[in-house]
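Q: The following block contains a protein sequence and its predicted model.
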Amino acid sequence: MTNHTSEMPLSTLERDFNELKMRGDDFFKIELLRPAKSWYQKALVLKPEAGEVKHLMDECDRLLKFETKVIRILLGLATICFLAYLLIF
């Protein structure tokens, strides 16, 4: 009995694209957004029509903007606390 598979073997381009996307996914899962976005950009070079990867890059951008906003707020609060400390003592 022969073993037939209905799937065609992946091309080198598909394998490389999947590897790059998977690396991006791994970084995205642990919330390292800049490296994730970098890997997604590399994947898009190979396959520019990949809508899912474009969506993931957009999500990275959205989360990075939120992260920047939170950091600015925290820095502002830290500055206010420091100035209040200086005024009190």
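A: Thanks, I have it.

Q: Residues touching the host helix or strand of Leu44, excluding its own?
A: Leu44 belongs to helix 33-46 when assigned by DSSP states H and E. Contact with helix 33-46 is made by 13, 16-17, 20-21, 23-28, 50, 53-54, 56-57, 60-61, 63-64, 67, as judged by CB atoms under 8 Å, 6 or more residues apart in numbering. No exception for glycine: its C-beta is placed from N, CA and C like everyone else's.

Q: Check stretch 54-69 too.
A: By CB under 8 Å, 6+ apart, the surrounding residues in contact with stretch 54-69 are 24-25, 28, 31, 33-34, 36-37, 40-41, 44.

Q: May I see those organised as a markdown table, with neighbour count, pLDDT and distance to Ala84 added?
A: Shown next, in a markdown table, are the contacts of stretch 54-69 (neighbours: other CB atoms under 10 Å; pLDDT from 0 to 100; distance: CB to CB, whole Å):
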| residue | neighbour count | pLDDT | distance to Ala84 |
| --- | --- | --- | --- |
| Gly24 | 25 | 97 | 43 |
| Asp25 | 15 | 97 | 44 |
| Phe28 | 20 | 97 | 39 |
| Glu31 | 9 | 94 | 32 |
| Leu33 | 18 | 96 | 33 |
| Arg34 | 10 | 96 | 34 |
| Ala36 | 24 | 97 | 38 |
| Lys37 | 21 | 97 | 38 |
| Tyr40 | 26 | 97 | 43 |
| Gln41 | 14 | 96 | 43 |
| Leu44 | 19 | 95 | 47 |
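
Q: Let me know the angle separating the strand or helix carrying Tyr85 from helix 33-46.
A: For Tyr85, the host element (DSSP H and E) is helix 51-88. Helix 51-88 and helix 33-46 meet at an angle of 160 degrees, taking axes from the mean of the first three to the mean of the last three CA atoms, to 10 degrees as the criterion.

Q: Good, we can wrap up now.
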